[in-house]
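# just a sequence and a predicted model for now, questions to come.
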Amino acid sequence: MYFSECFSVNSTDEDDWFDPILGTDTKLFVDPFLIFQEPDSFWAGAHQQLIEHFNICFKLIAEGNRDPRTIAYQKAVALLQFPEPREFCLGYTEQGTGGAGAGIGYARMIAVAMEGAIMRGLVHLRHFEELGVLNEGIGPDRISDLTCNILRPRFIKYTQVIAGRHRLPIERVRMGGADFDPHRIAWRSAEVELPINPSTRRPVLLVPRRFLRELPVLNADDWWENYEAEQLRNDMNYEVMGRVRKSDIVAAARRQPESVRAWSAAREASTAVGYDFARDPKGVWGWLGAARAFVSGEPLVIVPPDDDARFIEAIELVIRKFGLFIEQQGGWRLLWNDGNTKEKPEDAAQLLFKGIAQSYCEANNIVLDREVNLGRGPVDFKFSNGYQRRALLEIKKLHNGKFWHGLSQQLPSYLGSDDCKLGWFIAIKYRDGGVSKDWEKRVSNVVATAALVHGCRLITANVDGRPKRSASRSGVQE
């Protein structure tokens, strides 16, 4: 459910906030660079507040001679620990809104990163995302989490303004990290009044849409592209490395820290924009509204799955509805960008399935979980009706390079890890040529072999996700 649905909000021109999905984290991040270039008076000084926090930590680490045993160093580590920013419903967690957060281990990792930066002559920051270029473990999710935590007091006030404008129901709750004590140089809890997320019973914090992106403006891959281009211009014998690992990028950045500083300073003159929610190029947000609209017009009555046969039938009915939505009700449009010429990521199809399947499952006493970790990695979906009746389901693009491995090895291994004997594999066709030729026959053969080898039951479903042409106008897409 969207926040606006839950609280019956009718948005106005004043409402610039992101409408979060309350039961699932949306894979977008708060980008500090967008806050850096923010002209609005409400956010004046916000980016400087971010930088000052890290500069305090730099100073403490330097005062402690980069020795973790000193009080100054330990104080810096304490300042780099934050509660998990679950209130924003953002990040990588798919099955809920509980991110990984930043505990003591991660705080120490950032402190070590700062030690290295000091050794390379970096004793203060203008953009703390530079640490993400110089260190392998600091990705967009961590940068976003740090931003949300340090600016939490501002986001609390921002949300309270919106709640007051729309007269939303609020509750008084105690929130960790709601305030910063400059004298003790420490975070402290405080009583705050905020809307409550019914899915988690935690407060909700809202953030302006324009602060959200898929990746930070200042990220390691973009620095590498800039650095590589400079090397090519300056040295015709420079060997192009192509797609490199983050560890390779970090190693290069550490050899050239002044290049990182110059690159980030140059980016300040550029105009960056937030995520395009109207186009939703990654398919991370609009899926819920589209799925809900389809389900409301396609009610499904399922016989209570009180035995294995009915449990299987229930899942098959849900999968058929998903196929109907994609193939006949225009759902394929949500799998494509740029005039139906560029595919959205595989996650877009998985989220659409989640939106449709969850609505049907909730009404029929079937639990659907997304990205359940079974020890060998996360399976896309897990259906359950009590402990005895369980099934796993994977959704893949037919032309995905890992498709056939997932079909013959990955899904069966997940079944083994979960002591489960029933699995589905949904293959979505995006293309005509290559491995997509004779796809239904080839998939069926591989599945039959895998089921026999692994001693499990595997069922396939084929969905045609290619752009459809209008029946009334030949050669014209719908």
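Ah, there it is.

# is Gly416 in contact with Val453, as I believe?
No: using Cβ atoms under 8 Å, Gly416 is not in contact with Val453, being 11.6 Å away. Just so you know, the C-beta spots here come from the backbone N, C-alpha and C atoms, and that holds for glycine as well.

# neighbour count: the two, which is higher?
Under the criterion of other Cβ atoms under 10 Å, the comparison of Gly416 against Val453 puts Gly416 first, with 16 against 11.

# and the nearest residue to Met175 once chain neighbours are set aside, what helix or strand is that in?
Counting by Cβ to Cβ, 6 or more residues apart in numbering, the nearest residue to Met175 once its immediate chain neighbours are dropped is Val192, at 5.2 Å. If you go by DSSP states H and E, Val192 is part of strand 186-194.

# and that strand, C-alpha only, in PDB?
Extracted C-alpha coordinates of strand 186-194, given in PDB (Å, rounded to 0.1, in the frame of the first residue of the first chain):
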ATOM      1  CA  ALA A 186      26.600  12.300  20.500                       C
ATOM      2  CA  TRP A 187      23.200  11.200  19.100                       C
ATOM      3  CA  ARG A 188      20.300  11.100  21.400                       C
ATOM      4  CA  SER A 189      16.700   9.800  21.400                       C
ATOM      5  CA  ALA A 190      13.700  12.100  21.500                       C
ATOM      6  CA  GLU A 191       9.900  11.900  21.700                       C
ATOM      7  CA  VAL A 192       8.500  12.900  18.300                       C
ATOM      8  CA  GLU A 193       5.000  12.900  16.700                       C
ATOM      9  CA  LEU A 194       4.800  11.200  13.300                       C
END
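
# list the helices and strands that strand packs on?
Where contact means 3 or more Cβ pairs under 8 Å, 6 or more residues apart in numbering; DSSP states H and E, strand 186-194 is packed against helix 71-79, helix 152-166, strand 171-181.

# so for the second one, what gets flagged as buried?
Going back to what we said before, that points to helix 152-166. Of the residues in helix 152-166, 152-156, 158-160, 162-163, 166 count as buried by neighbour count, 16 or more other Cβ atoms under 10 Å.

# residue boundaries of the strands in the stretch 351-478 of the chain?
367-373, 378-385, 389-397, 422-429, 457-464 (DSSP state E, counting those that start in this stretch).

# tell me the helices and strands packed up against the last one.
Spelled out, it's strand 457-464. helix 308-328, strand 422-429, helix 439-454.

# and what of the third one?
If you count contacts as 3+ Cβ pairs under 8 Å, 6+ apart, strand 389-397 packs onto helix 308-328, helix 346-362, strand 378-385, helix 411-417, strand 422-429.

# show me what contacts Asp418?
Residues in contact with Asp418 (Cβ atoms under 8 Å, 6 or more residues apart in numbering) are 374, 379, 382, 390, 392.

# ah, wrong one, I meant Tyr73
60-61, 64, 66-67, 111.

# what pLDDT does the model give it?
pLDDT recorded at Tyr73 is 91.

# how far away is it from His183?
Remark: distance between Tyr73 and His183 (Cβ to Cβ, to the nearest Å) = 20 Å.

# could you do Phe325 as well?
58 Å.

# I'd say the residue nearest to Met175 and Gly177 touch.
No: the criterion here is Cβ under 8 Å, and Val192 misses it with Gly177 at 10.9 Å.

# the more surrounded of Phe325 and His183?
Legend: neighbour count by other Cβ under 10 Å for Phe325 and His183, higher for Phe325 (24 against 5).

# tell me the confidence at the more buried one?
Predicted confidence (pLDDT) for Phe325: 96.

# list the contacts of the nearest residue to Asn337 once chain neighbours are set aside.
Spatial nearest neighbour of Asn337, chain neighbours left out: Pro281 (5.1 Å); criterion: Cβ to Cβ, 6+ apart. By Cβ under 8 Å, 6+ apart, Pro281 lies in contact with 214, 337, 344.

# go ahead and confirm Gln358 touches Ile366.
No: between Gln358 and Ile366 there is no contact under Cβ under 8 Å: 9.5 Å.

# how would you label Ala265: helix, strand or coil?
Assigned by DSSP: H, G, I helix; E, B strand; the rest coil, the conformation of Ala265 is helix.
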